[in-house]
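next one to model:
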Amino acid sequence: MKQKKNDYKFAWLMMFFACMPCILKAGITAEPGNEAMQQTVKISGSVVDVRNEPIIGASVAVKGTTIGIVTDMDGKFTLDVPFRGVLQVSYIGYVAQEIPIGDKTTLQIILVENVELLDEVVVVGYGTMKRSDLTGAVASVSNNTLTISGKNSPIGSLQGVAPGVNIVRSNAKPGGEYSIDIRGISSISGSNTPLVVIDGIPGGNLDYVNPDDIEKIDILKDASATAIYGSRGANGVIIVSTKRGVAGKPRINYSGYFGFKKYTNMPDIMNGEEYVAFVRETAKAMNNNTPKTDEEIFTDPSELKAVQDGNYFDWIDAMSEQAIITNHSISATGGTDVAKYTLAGGYIKEEGMIYPQNYERFNLRTAVDLKANDYLSFGGSMYLTHVLRDVGANMLQDAYRLRPTQHPYSLVTGEEIWRFSNGQFNHLISRKNEFLKTKTTNLFGNIYLALTPVNGLELKSTFAPYIENVQSGQYRGVWTKANQGTSAGATANMRKYTNTNWVWDNIVNYKWKRDLHSVDATGVFSMQQTQYENEQVNAKDLKFNSRWYNLQGGEMTAFSTAYTQTNLMAGLLRVNYSFMDRYMITASGRYDGSSKLAEGHKWAFFPSAALGWRISEESFLADTDRLSLLKLRLSYGQTGNDNVAAYSSGGTISGSQYYSFASDVIGNVPNNLRNSKLGWEKTSEYNIGIDFGFFKNRISGNVEYYSRLTEGLIMSQSVPVHLGYSSITDNVGSVRNRGVELGLNTVNIQSKDFGWTTQISLSYNKNEIVDLAFKEDLGVYSEQLKGMEGDYSNLWIIGQPIRVNWNLMTIGVWQLGEEAEAAKYGQKPGQFRVRDFDEDGTIHNDKDRVLDGKRTPDWVGGMAHTIRYKEVDFSFHVHFRTGARERSHFFNNFGLPTNYDLNVLNGDYWTPENPSNTMAQASNMGPYRGSGDAAKNVSHLMFGTDFLKVSYITLGYTFKQKYLDKLKAGNLRLYVTAQNPFTFTSFVGIDPEFPSTDTGISDMMTANYLVGLNISF
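Presented below is the predicted three-dimensional model:
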C-alpha cells in the first residue's frame, strides 16, 4: 500500500488546492445552471501505481467543473460525472493524467512515478526536503525500482539505476557481496564504501535488508549534501527509509516468488574428445615433437580405459545440481491519526549450484508511531535479521581442474577414488567432509521522542542501537584436500565476533515562513560508540564429525581474543533559506571529533554551502509552455574520513616476548610506530547541477558535473629501516575525481489503456593521483615513465588513476623460422613474445613495461523500460560498464597450461602445424607466461571488462477488481521474471564484474527464472 500522507485532513487540503485552478476557471467561465442541466454518469474506479498498489488520497476531479474527490484507503473513488466529461487525476510525485470518460462506468487509472517532480519529499539527513528546495546532488530510488527485479538484495537492485553509483558484485555464490563506490574511488589503501543510514541508524548493512521493507532510498552524492554527516560522509551516503504505518483500516500485503537457477556464460572448457586431442599434442611437444602412445600418456588404468572406450566424465555437470530460489514477505500496516503501526516478516532461500552452498535470510520488522497530542509524539522501530550461509571451499576450482578422463569410480576395479594420480581430489567425496558456514544475527532499531512546543519548532531525541553477532566455523575431515587423508583426525576452527554500535542524536528543527521568505534550520548534537569483540579457536585431530562444536575433543592449536572501542562526537547546524520558492541557499557546518586520531588532531570542522535557482519560475520564461522545470544548482562542501584502524595513532603492544639475558625475561614490544600527528582525511568537492523538465515533466532529469579532491590520505608511509619498522600510518597524498552524470526519465506514451516509460542512468568518472608524500622520479625505472613522479614499489603514479596496469606487452608468438632471433632472448618458437622497447636484446622487468590501461571503468550506466497495456505490464532493465582492463584470474589458471595435468580452456594453442600468433604452445609458453600479480603482468592476461547485462525481464498480469471482490482482496498480480538472462562481453573468465576474484572462492554466473505473486487485503 502506498500512502504519501498520513492525515486525511491533509489529503483533503491537497485535493482542494489541486482543484483550485478548476474551481476558479469554472467560476469565471461557466454559465449559471449549466452544469445542472447536463446529464451525469456515476463513475467508480481505483487509482493505482504501475505495480497496481493503491494510491491513497489521489485527487480525482472533473475538468472544467467544481466536482472532485480524493481516493480512499484502497485507492478507490465514486463520482457523478457529466456525460462525456474528462477526469483529471493527480497525486504528488506522479505524472497527472486526463482521462475522457466515454461510455465506461468503471475505471482503473494507473499513475506513473516521476522522481523529478518538485514536491517529492527527499530524505537529506536529520530531516527531509522537497525536491524543489534541493541544492545538492541527491538521487532517489523508489520501492518499485527495488522490488520489480525480484533480487534479494537492494544493492543488486541499484545496479545501473542511480547516476554516479558504481555497484559491482564481488562474488557469485549465494548471498554474494557487492561493492559500492559513489563518484569514483578516493582512498588508495582504505575503504571507498559509502555510509549506509537505515532509518536514521548509521553503519547498517544493506545486504541484510529485505527490499520489500524499503519505502525509498535517497543517495547523497556531493559534499554539500553529505557534509551533514561529516566524518562518515566522505564516500557518499545512502539513506534507507523503511515503510511505516499509515492511518486507516489494517492492510495486509504478501509478495513471494519461487524459481530455479542455471549457469550462464560458462567458460569454454574442454570436453573429453577435445582434452584427449590436446593431451596427445602436448605430450608430443614435451617429447621433442615425437608422438607418444596413449598407454605412455595415460598411465592410470581407469583413465586409459576411459580414452579407449570414449567414456568421459563431465565434472561440472556431476558436481552441480538443480538449485531453487524462493522469497516470501508479508506485512501489515494500519492505525489511526494518533497511532500507526507496521509489522513485517520475510524469508529468502537461495541454494547454490554446487553442494553445500546455501543462503537463508530471515527478517522481522516492526515500527510504531504514537501521537499523544498536538505537541508530543513517541515511537520506534526494530529490525531483526538472521542469516545462514554455507559457502563451501574451492568447489568450482576443483570441478574445472579435474580431467574428463577421470571418473569418481575406477573403470577397472569399480572402487571409489578420492585422490587421483595428478594430485587432484574427488570433490564428490571431499564436499561431504568439508564445511564452511557463517551465522549472522543483526538487530538494529531506534526509539524517539519528539516535542513541538510552539508552531514550527520541533525538538527530537533519537537513540539507535545496532548489534551484529557473527559466528563462523570451518570443518575439514581427514578425506579432504586440506588434510590429504594422512592426518590423525579432522581440523576445525570457530570464530565469534560482536559489533555493538549505538548512536544518540538530539535534533532541533525550526521552520519559518512569511510572505516570500522561508527558513528551515536544523541543529544536531550526536554521539556514537562502536565496540568490537572477537575470539577464535583452532583445533586438530578431531575423531568424529562434530563440526566446530566439540573443539575440546581434539588438540587446540590456537586461541585468540581481541577488543576495540572507538567514539565519535559531533555538533552540526544546517540552514536552508528560500525566497519566492525560486532562489535557495543552503549552508551547513559540522564539527567532528574521533577517538581514532592523534591528540590535538581529533577535531575538525566540515563546512558546505549551496545555491539553487529555479530559472523556469522567472518571468522571461513564463510563456514557455514546453518547459516545465529548469533549475540550476551550485555547491561546495568538505567531508572527512577517519579511515584508520583503532589505536593506530597511539600504537599497540605485542603479546609476551621471551628474551634471554642472564636469565629468561618476558617483555612486550610496540607493534607499530605511533603517529602523534595523524589527522583527518579531508575531501573537498564542487558540484554544478541542472534539473530540467519538458512537456509537463513527461521528459525530466538532471545533469551533474563534479570535481572532488581528497587530501591527507590515510595510508602507510615508508620509514627508514633503522627505526625498526618499515612503515607508519600517516596523512600522505591526494586524489582527484572528476565526472559527469545524467539521469533521464521519460513518459513516452500515456493513455487509458497503454503506457510506456523509460529511465536512463549514465555516469563518467576520471580518477587521478594528485600528490604523494613519498615520490620519486619514475623515469629511472623506465623510459615509458619519463617525466612522471610517484611511488614505484606501489605503482602509484601522479597524474594517473589509482589502479593502473604495468605490463610487458605481448606482441605474438615466436614462429618457426625465427629461432635465431628468439634465441637472443633465451626463447624458442611456440613461446609468448613480448616487446623489447629499448631494443637492447634483453627484456627488462622494469624498462620494457608500459602502462596498459586501468582497473576502474570510465562509463557506468543503465536503462529501464516499463510498458503497460490494460492489465498486462512488461519491464526490463539493462546495465553496462566500460573502460576498465583487468587480469583474468580464471584465464591465468585454466588458459595457460604448462602441462596436461589439469583440464584447460579451449584455445588456439600454437603447434608446428597450427602457427597461432595469439596463444603459445601448451607446456612451452616460455618465461612470459604470466604471474599472479594483478597490477604487474603480461598483456595477454589482461582483458577488457566491458559488458552489457540484461538485469531482468518481467511480465506481469493484474486481475481486475471484479474478480478480486469475491476474495475481498484489493490487489492481485502474477508475474514471471528472468534475472540476468543475457550477458554480452568479450571477457574470458567467470564474470567481468569480478575478473580477479580467486576461482576457489567464487561461483559462475547464474540466470534465475521466477514465478511470483503480489496480493493485498
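
and stretch 819-832, how far apart are its ends?
Chord length of stretch 819-832, first to last residue, is 13 Å (Cα to Cα, to the nearest Å).

buried stuff in it?
If you call a residue buried by 16 or more other Cβ atoms under 10 Å, then stretch 819-832 has these buried ones: 822, 825, 827, 829, 830, 831, 832. C-beta here means a position set from N, CA and C on the backbone, and glycine is covered the same way.

need the max-distance pair from those residues.
Longest distance between any two of these is 13.6 Å, between 825 and 830; criterion Cβ to Cβ.

thinking again about what came up before, need the buried residues of stretch 819-832 in TSV with pLDDT, can you?
Putting these into TSV (pLDDT from 0 to 100) gives the following:
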residue	pLDDT
822	95
825	92
827	94
829	95
830	94
831	94
832	95
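
between those, which is nearest residue 968?
Comparing those against residue 968 with Cβ to Cβ places residue 832 closest, at 71.8 Å.

which strand residues bridge that closest one?
Applying DSSP bridges to residue 832 gives these bridge partners: residue 813.

would you confirm that it contacts residue 918?
No - here residue 832 lies out of contact with residue 918, judged by Cβ atoms under 8 Å, at a distance of 9.9 Å.

could you name every residue contacting both of these two?
The overlap between the contact sets of residue 832 and residue 918 (Cβ atoms under 8 Å, 6 or more residues apart in numbering) consists of 813, 940.

where do the helices sit along the stretch 151-300 of the chain?
Taking DSSP state H, counting those that start in this stretch, the helices of the stretch 151-300 of the chain run over residues 154-157, 223-226, 272-286, 294-297.

contact partners of the third one?
Helix 272-286 is contacted by residues 270, 290-292, 294, 296-298, 306-307, 310, 312-313, 403-405, 830, 897, 899-900, 903-904, 906, 909, 911, 921-924 when judged by Cβ under 8 Å, 6+ apart.

what's the helix or strand for residue 801?
For residue 801, there is no host helix or strand (DSSP states H and E).

wait, I meant residue 628
In this assignment (DSSP H and E), residue 628 forms part of strand 627-641.

report the buried residues of that strand.
So, applying 16+ other Cβ under 10 Å, buried residues of strand 627-641: 628, 629, 630, 631, 633, 635, 636, 637, 638, 639, 640, 641.

one more: stretch 514-528?
Applying a neighbour-count criterion of 16+ other Cβ under 10 Å, one finds 518, 520, 521, 522, 524, 526, 528 buried in stretch 514-528.

which residues touch it?
126-127, 129, 133, 202, 501-513, 567-581.

out of the residues you listed, list just those in strands.
Counting by DSSP state E, those place 129, 202, 501-513, 567-579 in strands.

out of those residues, which are buried?
Here, 16+ other Cβ under 10 Å leaves 129, 202, 501-503, 505, 507, 509, 568-572, 574, 576-578 buried among these.

I figured residue 68 hits residue 58, correct?
No - the criterion here is Cβ under 8 Å, and residue 68 misses it with residue 58 at 10.8 Å.

neighbour-wise, which of those two wins?
Neighbours were counted for residue 68 and for residue 58 using other Cβ atoms under 10 Å; residue 58 has more, 30 against 19.

got the phi and psi for the more buried one?
Main-chain dihedrals, residue 58, degrees, to the nearest 10: phi -70, psi 140.

swap in residue 336?
Recorded main-chain torsions at residue 336 are phi -130, psi -170, according to degrees, to the nearest 10.

my hunch is that residue 890 is in a helix, does that hold up?
Yes - counting by DSSP: H, G, I helix; E, B strand; the rest coil, residue 890 is part of a helix.

which residues does residue 338 contact?
370, 371, 372.

tabulate these (TSV), appending neighbour count.
Output for the contacts of residue 338, formatted as TSV (neighbours: other Cβ atoms under 10 Å):
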residue	neighbour count
370	14
371	18
372	10
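
pLDDT added to those residues, as TSV?
Output for the contacts of residue 338, formatted as TSV (pLDDT from 0 to 100):
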residue	pLDDT
370	95
371	93
372	92
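
mind listing what residue 580 touches?
Residues in contact with residue 580, defined by Cβ under 8 Å, 6+ apart, are 516, 617.

do you know the pLDDT at it?
At residue 580, the pLDDT value in this model is 89.

gap between it and residue 252?
For residue 580, the distance to residue 252 (Cβ to Cβ, to the nearest Å) stands at 46 Å.

residue 501 and residue 529 touch, don't they?
Yes - counting by Cβ under 8 Å, residue 501 touches residue 529, with 7.1 Å between them.

before we move on, the earlier item: format the CA atom coordinates belonging to the strand holding residue 628 as CSV.
Output of strand 627-641 as CSV, limited to C-alpha atoms (Å, rounded to 0.1, in the frame of the first residue of the first chain):
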residue,chain,number,x,y,z
LEU,A,627,9.4,24.0,-20.3
SER,A,628,8.1,22.6,-17.0
LEU,A,629,11.3,22.9,-14.9
LEU,A,630,14.7,24.4,-15.2
LYS,A,631,16.8,24.7,-12.1
LEU,A,632,20.5,25.5,-11.6
ARG,A,633,22.4,24.2,-8.6
LEU,A,634,25.9,25.2,-7.4
SER,A,635,27.6,23.7,-4.3
TYR,A,636,30.8,23.3,-2.4
GLY,A,637,31.5,21.2,0.7
GLN,A,638,34.0,19.4,2.8
THR,A,639,33.8,16.0,4.4
GLY,A,640,36.2,13.9,6.5
ASN,A,641,37.3,10.4,6.9
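
strand partners of that strand, parallel vs antiparallel please.
Neighbouring strands of strand 627-641 in its sheet, by DSSP bridges, are strand 603-614 (antiparallel), strand 681-694 (antiparallel).

tell me which of those strands is the most buried.
Highest mean neighbour count of these: strand 681-694, a mean of 22 (counted as mean count of other Cβ atoms under 10 Å).

that strand - what's its average pLDDT?
Averaged across strand 681-694, pLDDT comes to 92.

same deal with stretch 884-898?
Mean per-residue pLDDT for stretch 884-898: 90.

can you check stretch 154-162 too?
On average, the pLDDT along stretch 154-162 is 91.

I figured residue 85 hits residue 101, correct?
Yes - taking contacts as Cβ under 8 Å, residue 85 lies within contact range of residue 101: 5.3 Å.

these two: which is more packed in?
residue 85 (22 against 17).

could you pull out the helices for the stretch 801-950 of the chain?
Per DSSP H, counting those that start in this stretch, the stretch 801-950 of the chain has helices spanning 819-824, 889-894. These are given in chain order.

so how many other residues sit close to residue 242?
By other Cβ under 10 Å, the residues close to residue 242 number 20.

report the separation between it and residue 755.
Separation of residue 242 from residue 755 (Cβ to Cβ) stands at 28 Å.

try residue 566
To residue 755, residue 566 is 51 Å away according to Cβ to Cβ.

of these two, which one has the most company?
In this view residue 566 and residue 755 are compared by other Cβ under 10 Å, and residue 755 has more residues nearby, 21 against 18.

for beta bridges, what are the partners of that one?
If you apply DSSP bridges, the partners that residue 755 bridges to are residue 750, residue 868.

touching, it and residue 865? I think so.
No - between residue 755 and residue 865 there is no contact under Cβ under 8 Å: 11.1 Å.

list the buried residues of stretch 86-102.
Buried, per 16+ other Cβ under 10 Å, within stretch 86-102: 87-97, 99, 101.

out of the strands paired with strand 627-641, which gets nearest to residue 412?
Among those, strand 681-694 comes nearest to residue 412, with 65.0 Å by Cβ to Cβ.

where exactly do the strands run in the stretch 1-150 of the chain?
Using DSSP state E, counting those that start in this stretch, the strands found in the stretch 1-150 of the chain span residues 40-48, 59-62, 68-70, 76-82, 86-90, 97-100, 106-110, 121-123, 128-130, 138-142.
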